[in-house]
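>>> got a structure for you, letters missing:
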């Protein structure tokens with residue numbers, strides 16, 4: 001990813017505290033290291049953090065350790081500290097009574113004078129807060145890996161989202177929103193939180209790397225996190241974001257994001273969208289979680305409703321849809337419920353367009369929902385009625401796919417012929433195969449020899465309908 005300017009609705013994120021300094025109750029809500037290229041072998045490095053405003057002041061500079069696979073080793077210091085506070089005037093950031101958060105950013109310059117192609121940027125944050133899911137209070141360690149390509153000028157993904165506070169027994173949904181302006185392939189997965197470069201944390205019984213909170217899910221392609229917390233307290237987790245070249249499929253960077261979910265007693269409900277995109281007019285077809293396909297030059301319109309079960313709260317919607325969906329008509333109405341109405345004529349060029357909605361009530365960071373919607377413009381995915389996931393229970397495992405076979409399983413209510421197709425993201429059919437399957441659970445492996453690295457869509461069709469599911473192919 002080369003350096004480009006990106007504008008988002010809310011930019012709150014990660015952090016890091018001074019080496020060898022331990023602050024009481026200092027664990028950030030999230031933290032990570034980013035870098036972007038400013039010239040061959042030259043990078044601007046940024047350490048970002050998202051902190052509770054009740055935390056004490058943080059140091060003015062931090063030390064990042066740099067080490068290569070060729071055994072180069074040195075430190076750089078990040079200064080130019082900046083702090084942005086939650087705009088909600090009722091939050092603790094401004095002396096109010098509601099939980100608030102602040103974004104802390106440190107920046108510095110990294111120049112690599114070695115021809116080595118693999119580099120690690122790391123930082124030791126100090127001890128973690130006592131938590132429900134970890135044994136003890138181990139050190140918190142951050143790392144971001146640079147894998148040089150032929151230009152020696154790649155940049156890491158930009159993380160756009162914030163991790164807000166979580167409320168007991170309330171459904172929580174958030175998209176991590178890592179962004180690569182040049183279209184690199186991003187893959188999200190839970191990774192073990194680190195104590196240092198070689199040591200993982202130890203989870204208490206009942207918790208693990210992939211289940212740092214019971215019932216949590218992470219979509220590997222979109223970065224969508226969802227769960228309903230049933231236990232009060234703090235929970236530590238880490239998510240790794242791998243960036244792959246869309247041309248060659250080689251790994252370009254790997255960013256470890258540390259997260260602390262703090263589950264509190266209900267004082268407010270976050271807005272929800274129970275139906276997602278609804279009232280669709282025109283040829284807009286769902287093909288995955290909040291992902292839709294539309295033929296080129298076709299007109300569609302739809303609504304997205306958000307409601308808050310706290311009936312006295314007022315819900316507001318902020319979106320970049322008008323900037324992403326060129327020449328669209330976008331109208332938002334605040335209230336409870338709040339509605340965004342969009343009318344759009346798809347471009348005459350195939351492509352992928354993702355817009356974000358940030359939805360808040362008047363309860364600061366305790367009442368905030370972020371949800372992304374993706375439109376794929378292209379032909380090729382037919383207009384047979386879409387089956388609900390409960391009809392097929394279609395699953396791809398593993399996903400991402402690293403072999404020459406695409407393995408999946410699904411259920412059928414009766415013995416019948418199933419058509420299987422693989423499409424690229426602009427709707428071009430790449431693979432097609434028909435087979436008869438029996439009633440009940442079926443497993444099948446579809447040959448994908450020669451399929452280049454990238455994102456694709458698997459579609460299963462019967463005489464009653466179809467279901468689609470995205471997958472990622474990497475070497």
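Looks like it arrived, so ask away. What you see is a predicted model, and the numbers here were worked out from it, not measured in a lab.
>>> How far off centre is the host helix or strand of residue 374?
Assessed by DSSP states H and E, residue 374 sits inside strand 368-377. When distances are taken as Cα atoms, centre = their mean, to the nearest Å, strand 368-377 is centred 11 Å away from the chain's centroid.
>>> Stretch 192-205 now?
Centre to centre, stretch against its chain (Cα atoms, centre = their mean), the figure for stretch 192-205 is 22 Å.
>>> Any idea how far apart the tips of it sit?
With Cα to Cα, to the nearest Å as the measure, stretch 192-205 spans 15 Å from end to end.
>>> Need the contact partners of that stretch.
With contacts defined as Cβ atoms under 8 Å, 6 or more residues apart in numbering, stretch 192-205 is touched by 120, 122, 124, 128, 132-136, 138-143, 209, 212, 236-238, 256, 258. Just so you know, the C-beta spots here come from the backbone N, C-alpha and C atoms, and that holds for glycine as well.
>>> at 10 Å what do you get?
65, 67, 120, 122, 124, 127-128, 131-136, 138-143, 191, 208-212, 236-240, 256, 258-260 (Cβ atoms under 10 Å, 6 or more residues apart in numbering).
>>> What subset of those residues is buried?
Among the contacts of stretch 192-205, those classed as buried by 16 or more other Cβ atoms under 10 Å are 65, 67, 120, 122, 124, 127-128, 131-134, 138-143, 191, 211-212, 236-240, 256, 258-260.
>>> Next, the residue of the chain most remote from its centre: phi, psi?
Residue farthest from the centre of the chain, counting by Cα atoms, centre = their mean, is residue 415 at 38.1 Å. Main-chain torsions, residue 415, degrees, to the nearest 10: phi -70, psi 130.
>>> Equivalent analysis for residue 234, please.
The phi/psi pair for residue 234 (degrees, to the nearest 10) is phi -100, psi 140.
>>> separation between it and residue 257?
Distance, residue 234 to residue 257, by Cβ to Cβ, to the nearest Å: 16 Å.
>>> between the two, which one's more packed in?
Shown here are residue 234 and residue 257; by other Cβ atoms under 10 Å, residue 257 has more neighbours (24 against 20).
>>> quick one: which helix or strand includes that one?
In this assignment (DSSP H and E), residue 257 forms part of strand 251-264.
>>> next one: residue 155
Under the criterion DSSP H and E, no helix or strand holds residue 155.
>>> Skip the chain neighbours and tell me the closest residue to it.
Computed as Cβ to Cβ, 6 or more residues apart in numbering, the closest residue to residue 155 that is not its neighbour in sequence is residue 36, at 3.8 Å.
>>> ok but the one you found is inside a helix, no?
No: counting by DSSP: H, G, I helix; E, B strand; the rest coil, residue 36 is not found in a helix; it is strand.
>>> wait, it sits on residue 154?
Yes: taking contacts as Cβ atoms under 10 Å, residue 36 lies within contact range of residue 154: 9.0 Å.
>>> where does the stretch 151-300 of the chain dip in pLDDT?
Per-residue confidence for the stretch 151-300 of the chain (pLDDT under 70) gives these ranges: 161-164, 181-182, 247-248, 288-289.
>>> rerun at 90
Along the stretch 151-300 of the chain, segments meeting pLDDT under 90 span 151-154, 158-187, 218-226, 243-251, 262, 264-276, 278, 283-293, 295-296.
>>> still on that earlier bit, restricted to strands, list the buried ones among the contacts of stretch 192-205.
Among the buried ones among the contacts of stretch 192-205, the members falling in strands (DSSP state E) are 65, 67, 120, 122, 124, 127, 139-143, 236-240, 256, 258-260.
>>> As a check, name the ranges of all strands in the stretch 201-350 of the chain.
Taking DSSP state E, counting those that start in this stretch as the criterion, the stretch 201-350 of the chain carries its strands at 217-218, 224-227, 233-244, 251-264, 277-281, 285-288, 291-294, 299-306, 316-319, 329-333, 338-345.
>>> angle of the fourth one against strand 233-244?
Translated: strand 251-264. Between strand 251-264 and strand 233-244, the angle comes out at 160 degrees (axes from the mean of the first three to the mean of the last three Cα atoms, to 10 degrees).
>>> How many residues are close by residue 70?
Around residue 70 there are 12 other residues, counting by other Cβ under 10 Å.
>>> And residue 267, by the same measure?
Neighbour count of residue 267, defined by other Cβ under 10 Å: 15.
>>> Run through the bridge partners of the closest residue to residue 100 other than its chain neighbours.
Spatial nearest neighbour of residue 100, chain neighbours left out: residue 91 (2.6 Å); criterion: Cβ to Cβ, 6+ apart. Taking DSSP bridges as the rule, residue 91 bridges to residue 98.
>>> In this model residue 85 seems to touch residue 91, though I could be wrong.
Yes: Residue 91 is within contact range of residue 85, at 7.9 Å (criterion: Cβ under 10 Å).
>>> Now do the same contact list for residue 225.
Contacts for residue 225 were tallied using Cβ under 10 Å, 6+ apart; they are 161, 163, 172-176, 188, 190, 213, 216-219, 237, 239, 259, 261.
>>> Please apply the same query to residue 393.
409, 410, 411, 412, 441, 467.
>>> just to revisit the earlier point, partner strands of the strand holding residue 257 and their direction?
When DSSP bridges is applied, strand 251-264 pairs with strand 30-39 (antiparallel), strand 139-147 (antiparallel), strand 166-167 (parallel), strand 233-244 (antiparallel).
>>> The ones you listed: which one's closest to residue 307?
Nearest to residue 307, of all the strands paired with strand 251-264, is strand 166-167, at 15.9 Å by Cβ to Cβ.
>>> Summarise which helices and strands the helix or strand that that closest one is followed by is packed against.
Counting by DSSP H and E, the next helix or strand C-terminal to strand 166-167 is strand 172-175. Secondary-structure packing of strand 172-175 (3 or more Cβ pairs under 10 Å, 6 or more residues apart in numbering; DSSP states H and E): strand 224-227, strand 351-360, strand 368-377.
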